[in-house]
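J.: starting from these lines, generate the structure:
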Amino acid sequence: MEPQDDLDLKQLAQTWKAPDAPEHLHRQVFGTHRQSWWAWLFTGAIRIPVPVCATILLLVGWLVSERRPDAAIVPPPARQTVVTLADFQPPAEIQVKLVGALP
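T.: Next up is the predicted model:
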C-alpha cells in the first residue's frame with residue numbers, strides 16, 4: 001500500500017466548491033430581506049391576539065355611540081317673546097322649611 005499524497009489532496013480541496021444551499025433553507029435561516037419603514041406602512045402587518053382586537057373594537061364602538069347627539073336640533077320658533085325684568089319685585093316674605101334633621 002502506498003502512502004497518500006497530501007499534495008494531490010490539497011490541490012483537490014482548493015478547487016472543490018461546496019454546492020449552494022437551497023433558497024427555501026436560506027429564507028428559513030436568515031429570514032426575508034428587510035423593507036424600509038415607508039414600504040412597511042403599505043404592506044406590513046401587526047399581529048394582535050383576537051381578544052385584544054375585540055376589546056379595541058368594542059371600545060371604539062362605544063366611544064362612537066357616546067358621541068352621537070341625543071336630541072335633534074330644534075329650530076327656533078318663528079316669533080320670539082322678549083322677557084324683561086323691568087317689573088320684577090322681590091318677594092315680601094321668605095319662609096324656610098327644613099326637610100330633614102341634621103345629626
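J.: neighbours of residue 101, how many?
T.: Neighbour count of residue 101, defined by other C-beta atoms under 10 Å: 5. Every residue, glycine included, has its C-beta placed from N, CA and C.
J.: where does the prediction get shaky in this structure?
T.: By pLDDT under 70, the low-scoring segments of the chain are 1-5, 68-72, 102-103.
J.: mind listing the helices for it?
T.: With helices called from DSSP state H, the chain shows them at 6-15, 23-30, 37-43, 50-66.
J.: save the ones you listed as JSON lines, and put in distance to residue 75 and mean neighbour count too.
T.: Output for these, formatted as JSON lines (distance: least, C-beta to C-beta, whole Å; neighbours: other C-beta atoms under 10 Å):
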{"stretch": "helix 6-15", "distance to residue 75": "95", "mean neighbour count": "9"}
{"stretch": "helix 23-30", "distance to residue 75": "67", "mean neighbour count": "10"}
{"stretch": "helix 37-43", "distance to residue 75": "46", "mean neighbour count": "8"}
{"stretch": "helix 50-66", "distance to residue 75": "25", "mean neighbour count": "9"}
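J.: which of those helices sits closest to residue 91?
T.: Residue 91 lies closest to helix 50-66 among the helices of the chain, at 42.6 Å (C-beta to C-beta).
J.: touching the closest one from outside, list them.
T.: By C-beta atoms under 8 Å, 6 or more residues apart in numbering, the residues outside helix 50-66 that reach it are residue 48.
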